[in-house]
Structures are given as structure tokens and as C-alpha cells.
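Engineer: Kindly generate the corresponding structure for this input.
(2 chains)
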Amino acid sequence: MQKSEIKYQKEIRVRMAPSPTGPLHIGTARTALFNYLFAKKFNGTFILRIEDTDKERSKPEWEKAIIDGLHWLGLDWDEGPIRQSERISIYQKYLEKLIADKNAYWCFCTPEEIEAQKQERLSRGKPPIFECQCEKKQRKDGKGTIRFKMPKTKVFFDDLVRGKISYDSSLFGDMIIAKNLEEPLYNFACVVDDFEMKISHVIRGEDHISNTPKQILLAKTLGFESPQFLHLPLILGQNKAKLSKRSGATTSIEDYKRQGYLPQALINFIALLGWNPGDNREVLSLAELEKEFSVEKIQKSGAIFNAQKLDWLNGGFIRKMNLNELTKICIPYLIEANLIQSGGVEVSTISPMVALYQERLKKLSEIPELIDFFFKNSLDFPKEILSWKGAGDSEVIVSLDKLANTLSNIEKADWTKEKLSEVLMPIANELGDRGKILWPLRAALSGKQASAGPFEIAEVLGKEKTLQRIEQAKEKLTP
RNA sequence: GGCGCUAUCGUCUAGAGGCCUAGGACUCAUGAUUUUCAAUCAUGCGACCGGGGUUCGAAUCCCCGUAGCGCCGCCA
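Structural biologist: Numbers count the residues shown, from 1 in each chain, chains lettered A, B, ... in the order given. I've put the predicted structure just below:
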């Protein structure tokens, strides 16, 4: 399939058009990313348009959530947000023109009549569309809708990633473009705005592909030149269907943030879902994406959301972070886990603990369970954890005694992991099996099967607490 | 049901007719390192949907199947 060429002659203007009916969806975020990258690539303008024509479902708090999410991801726009709800008079003008020109008409059929006709057509193997042939001037409830008189023709368009696509509009029916003069509907408002805002390229999800011919015909009727279209493949869930909350997948950016994913990781990941830089690089920053982005490399088929790869990317970005920055964003998780009080702890107190787990962290939300032992006065764990390679209680007690004796001789001022290692390693080596002493130490200090190393933990804990925990471990083993 | 789109390891992908014994990444397995877990490094497992063409030669081009997905709202 031949891909069509991007028209450069006019100013590049793209838009991101979410409807504020829910949190920022991962698919919406990806559409935003590609629009953003496209604008950057061609030195164009990126516009944020809020499609809030649905009065019932649109909520200001969702608009805020979407805007916050976009900011968090670092996807900033050049114009907007422009709300469709504030442009009703513009749509009204075109609606009146359409009606005056007899390209649109009022339909007073009832929902029941419409449904009945669709069912009837479906039973005959025809597309379930509705054709209004009524001459009604009014409905009992006084309500009606405005329908676009769909021209019956073949529609062709050149999609920037899919190439030539054609449709037969005689299969469409006269679509409703507005509930009334004050309430335009998506397909119509979208066409008017794309024209009014001089949008040069419409970059959106593949689920809009079948709206495209309808919008092209509407635009043509209104005398508008249609923008170029670029339909992105869908993000799929494990079930290979469009990623949805219903199927149990996490879909909102807010939830990913809450789980401790970094915006860089999310951006990197969704960029790679359906696009690649043309070489083997996998880890890319937004700045690098801006530099490398190319329409030619956009995939045609949908991509299944692979959370394991996201985790891998996230872990990588966490490892590269500045420790203080990392600690700051970890603190809310510690507060939520009741390990520390809000506002009561300095970053410098926590950062040494975070430092020990920076390379073990995949998501921020894992930090409380990893470092909780630092905050406790006594550790609650089964004594078996202290045993290295099945050593008996008495054997472990011997090791712990030796540790207590050795460590108590180290000056508080010398209490660094280097010094601890210097003192303890010779002893551990003498034993032939370092684990005989190092494992009980680490286990006694952390109370965990797996943790950071004993010297590092001891350093953060300090001399007093270290010795105290060794004592507590001994008590556990003494009947 | 109609229309449209898509089709390479389990997943994300490289591949523009010979460079393909199909490359990389995630996952998984094994090993090295190591006091544990990570991290890191090394190795391994693993795919061209099927059938016809075209061609000296096809993962790549064409056709036909098949499958999956999307849309068919007074939602966007």
C-alpha cells in the first residue's frame, strides 16, 4: 500500500480533542503524544480542544483531570483549551446555513420508529442505518433532530499511515448532526472546528476511520477543504480488543501515576506502541522522540499493551533519576502507608533508604514494603528467616553474638558501610562461607528474605538500632 | 449482518525481492557476579496466518481464503 505524502504547503496545525467524560485515557494520551510530536517535527501548532458538546456526560472535573494529566506527561499545547460548549453560536450559524440550503433537515421521528427501521434493515442483511422519510412537522414531545442529507457517492481519502481508503456513502444514512440549533453533535462540531481552527492534519485513533468519510462529505457540503488524516492503530488489551477499563485493564493515566509510573516511562512506552525510531533504541526521552519522530515509522496494526515492558522501562528511568527527586516522589507513598507523617520528615532522612532500593524499584508504589523495616522499633518476622542454609538456632545465636561483640567495638563516628565491611569481611571470610554471618546480620536488620546488603542497611540504621536489632533477633531464638 | 482496516517469536518490533541460517527489546530459562534480592554481563528457548500466482529468487509484490479488530449512537 502506497502511503500518501504529507502536504507541507500550508501551516501545520494539529489538534488533540478529548471529551471531558472521564479521566485521561492511555489511548487519548498516545493520540496527544503523536499530535504533539507531529507538531514539533513540522514546526506546527498543537491545539487542545475540549469536545464537551455532550452536556450530560461532560464534567469540569474531567476536563481538569485531562489537562492535569497532559501537563504531567509533559505534553504542552500551543493554543487552547478551546471548549466547544463556548462556540455554540458558530455551529448554529453553519447549522442554519445547512438547513437553508436544504442540505440538512429537521427529523421528528421517534426513537422507537428509528430503532424499528434499523432492526428491520438488519434482518434483511442491510446496514443498520436510518432513513427519515417522514413529513412530520412536529413530534408529540416537541423534540426533533437535525439530520444531514448524506450525498450518495463514493468517498476516497488518503490516510497518512494507511494509504487510500474508500467508502460508499449510500450505506451511511442521513446522520444526525445536532439535537437542535443549540446542541451540535460530534461529527458536525468536529468538522466545523477543524475548519475554523485551520487544522491541517487530523491525527486520531483508528476507531474514527469510519467517521472520516462522513466528515469529509459534510465538509465538502459546507465548502470546507478537508484536512489530511492520519489514523493511529489502537492500543489493545490482553484480549486483543480495544483497551478498556471493562476488560480489567488499567486505562487512566491517573491510575498509572498512582501506581508509581514515571511520565517519562509512560511516554516512552506509548511511543513505542506502534512506532519505532528506525534503529534498535528502546529507551527514548520526549526530547529524543521529538527529534526522531517520523510518520513513516508508524505501525498499521494495533499493539497489545505489555505491562512488563512498561515496568522494565519504568525501572530504568527510576535508576537514572536524581536521588533527591526520586525521594520526593516516593514520600507520598510512605505517607499513605503510614510509615511517616505528612510534612514531618526531611527528604535527607529518607533519601539514604531510598538510595538502597533505587535499583530494585520498578514502581514507586513498591517503596513502602521495601523500606518499611527502617521505621519500625521491632521487627515481626519468623525466626526461620535468620537461618542461613538450614543452620540451627544455636548456630545462628553464635553468629549473632559474634556480630554484636564485633560491632559494639566500632566507634559511632566510624559507622559507615565501608568501615563495617572492613571489619566484618575478614571474619566472614574466615568462616569459609560468608553467608554464615552476613545472612543473619542482614536478616536481623531487615526481617526479610530479600533486601539490600547488610552493611548498607546497618549504616542507615545507625549503630544503636543495629545492635538493638541483633539483640532482638537473639531473643527470638532464645526460648 | 454490512462496510472498513490489519496480519513476522507469548508481547513490542526490524525487514522496501537476494545482505534472512529472519535481527533487536520485554518476558522466560541457564550461567557469571554475589551474603539474599535486585542491578549488570553472557548464553539459550522462541515467529514470517493458509493457499495459489509473479520471479532465476518472496517475510517482502499480486490474487483468493482465513482470522482478528474497528465502526454502523439524539457518545466522542
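Engineer: contacts and neighbour counts: CA atoms only from here.
Structural biologist: Noted.
Engineer: how about residue A:35, what does it touch?
Structural biologist: If you count contacts by Cα atoms under 8 Å, 6 or more residues apart in numbering, residue A:35 has them with A:14, A:15, A:16, A:46, A:203.
Engineer: which ones among those are found in strands?
Structural biologist: The strands, defined by DSSP state E, take in A:14, A:15, A:16, A:46, A:203 from the contacts of residue A:35.
Engineer: Most neighbours among the contacts of residue A:35, please name it.
Structural biologist: residue A:15 (29 neighbours; other Cα atoms under 10 Å).
Engineer: looking at it, it is touching residue A:50, isn't it?
Structural biologist: No: shown here, residue A:15 and residue A:50 do not form a contact pair, counting by Cα atoms under 8 Å, at 10.0 Å.
Engineer: Common neighbours of these two, please.
Structural biologist: Common neighbours of residue A:15 and residue A:50, counting by Cα under 8 Å, 6+ apart, are absent.
Engineer: show me the contacts for residue A:178.
Structural biologist: Taking Cα under 8 Å, 6+ apart as the definition of contact, the neighbours of residue A:178 are A:145, A:146, A:147, A:184, A:185, A:188.
Engineer: Quick one: distance of the helix or strand the third one falls within to the chain centre.
Structural biologist: Assessed by DSSP states H and E, residue A:147 sits inside strand A:145-148. Relative to the centre of its chain, strand A:145-148 is centred 37 Å away, using Cα atoms, centre = their mean, to the nearest Å.
Engineer: now for the contacts of residue A:35, which pair is the farthest apart?
Structural biologist: The largest distance within those, taken as Cα to Cα, falls between A:46 and A:203 and amounts to 11.1 Å.
Engineer: what is in contact with the two at once?
Structural biologist: A:14, A:15, A:16, A:35.
Engineer: Please work out which residues outside the worst-scoring helix or strand of chain A on mean pLDDT touch it.
Structural biologist: Evaluated with mean pLDDT, DSSP states H and E, the helix-and-strand set of chain A has its lowest mean pLDDT in helix A:111-123, which scores a mean of 82. Contact partners of helix A:111-123, identified using Cα under 8 Å, 6+ apart, comprise A:127, A:128, A:129, A:130.
Engineer: With distance to RNA strand B as added columns, please give those in a markdown table.
Structural biologist: Converted to a markdown table, the contacts of helix A:111-123 look like this (distance: Cα to the nearest atom of the strand, whole Å):
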| residue | distance to RNA strand B |
| --- | --- |
| A:127 | 4 |
| A:128 | 5 |
| A:129 | 5 |
| A:130 | 7 |
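Engineer: Which stretches in the stretch 101-250 of chain A count as helices?
Structural biologist: Taking DSSP state H, counting those that start in this stretch as the criterion, the stretch 101-250 of chain A contains helices spanning A:111-123, A:186-196, A:212-222.
Engineer: what's the burial count for the residue in the stretch 51-200 of chain A that RNA strand B sits nearest to?
Structural biologist: Across the stretch 51-200 of chain A, no residue is closer to RNA strand B than residue A:125, which sits at 3.0 Å (Cα to the nearest atom of the strand). Residue A:125 is surrounded by 9 other residues when neighbours are defined as other Cα under 10 Å.
Engineer: same deal with residue A:285?
Structural biologist: Taking other Cα under 10 Å as the criterion, the count of residues near residue A:285 is 14.
Engineer: do you know how far it is from RNA strand B?
Structural biologist: Separation of residue A:285 from RNA strand B (Cα to the nearest atom of the strand, to the nearest Å): 15 Å.
Engineer: pretty sure that residue is touching residue A:270, no?
Structural biologist: No: taking Cα under 8 Å as the contact criterion, residue A:285 and residue A:270 are not neighbours in contact, 11.9 Å apart.
Engineer: list residues touching both of the two?
Structural biologist: Common neighbours of residue A:285 and residue A:270, counting by Cα under 8 Å, 6+ apart, are absent.
Engineer: List the contacts of residue A:51.
Structural biologist: A:17, A:18, A:19, A:20, A:83, A:84, A:85, A:186.
Engineer: Run through the residues you listed and flag the ones next to RNA strand B.
Structural biologist: On the criterion Cα under 7 Å from any atom of the strand, A:17, A:18, A:19, A:186 are the entries of the contacts of residue A:51 that sit beside RNA strand B.
Engineer: From the residues you listed, pick the one nearest residue A:258.
Structural biologist: Top of the list for closeness to residue A:258, among those and by Cα to Cα, is residue A:18 at 21.4 Å.
Engineer: where does that closest one land in three-state SS?
Structural biologist: Of the three states, residue A:18 takes coil according to DSSP: H, G, I helix; E, B strand; the rest coil.
Engineer: how close does it get to residue A:30?
Structural biologist: Distance, residue A:18 to residue A:30, using Cα to Cα, to the nearest Å: 12 Å.
Engineer: Of all residues in the stretch 351-479 of chain A, which one is closest to RNA strand B?
Structural biologist: With Cα to the nearest atom of the strand as the measure, the residue in the stretch 351-479 of chain A that lies nearest RNA strand B is residue A:360; the distance is 2.9 Å.
Engineer: what's the neighbour count on that residue?
Structural biologist: 18.
Engineer: tell me which element residue A:265 falls in.
Structural biologist: Assigning secondary structure by DSSP H and E places residue A:265 in helix A:263-272.
Engineer: Could you list the residues in contact with that helix?
Structural biologist: Residues outside helix A:263-272 that contact it (Cα under 8 Å, 6+ apart): A:30, A:33-34, A:72-74, A:257, A:282-286, A:289, A:309-310, A:313-314, A:317.
Engineer: Show the buried residues in those.
Structural biologist: Applying a neighbour-count criterion of 16 or more other Cα atoms under 10 Å, the buried members of the contacts of helix A:263-272 are A:30, A:33-34, A:72-73, A:257, A:284, A:286, A:289, A:310, A:313-314, A:317.
Engineer: can you put the residues you listed in a markdown table and add secondary structure?
Structural biologist: A markdown table is the format used below for those (three-state DSSP):
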| residue | secondary structure |
| --- | --- |
| A:30 | helix |
| A:33 | helix |
| A:34 | helix |
| A:72 | helix |
| A:73 | helix |
| A:257 | helix |
| A:284 | coil |
| A:286 | helix |
| A:289 | helix |
| A:310 | helix |
| A:313 | helix |
| A:314 | helix |
| A:317 | helix |
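Engineer: filter the contacts of residue A:35 by proximity to RNA strand B?
Structural biologist: By Cα under 7 Å from any atom of the strand, no member of the contacts of residue A:35 lies near RNA strand B.
Engineer: where in chain A is pLDDT low?
Structural biologist: Within chain A, the stretches with pLDDT under 70 are A:1-5, A:7-9, A:134-142.
Engineer: Where does the record place the domain boundaries for it?
Structural biologist: Following automatic domain parsing, chain A resolves into domains at A:245-317, A:326-375, A:383-477.
Engineer: Output those as a markdown table; include the columns distance to residue A:58.
Structural biologist: Written out in a markdown table, the entries for the domains of chain A read as follows (distance: least, Cα to Cα, whole Å):
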| stretch | distance to residue A:58 |
| --- | --- |
| domain A:245-317 | 17 |
| domain A:326-375 | 30 |
| domain A:383-477 | 47 |
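Engineer: which stretch among those comes nearest residue A:26?
Structural biologist: Comparing the domains of chain A under Cα to Cα, the one sitting nearest is domain A:245-317, at 5.5 Å.
Engineer: OK, contacts around the nearest residue to residue A:167 once chain neighbours are set aside?
Structural biologist: Leaving aside its sequence neighbours, residue A:167 sits nearest to residue A:155 (Cα to Cα, 6 or more residues apart in numbering; 5.1 Å). For residue A:155, the residues meeting the contact criterion (Cα under 8 Å, 6+ apart) are A:166, A:167, A:168, A:169, A:213, A:216, A:217.
Engineer: Thank you, goodbye.
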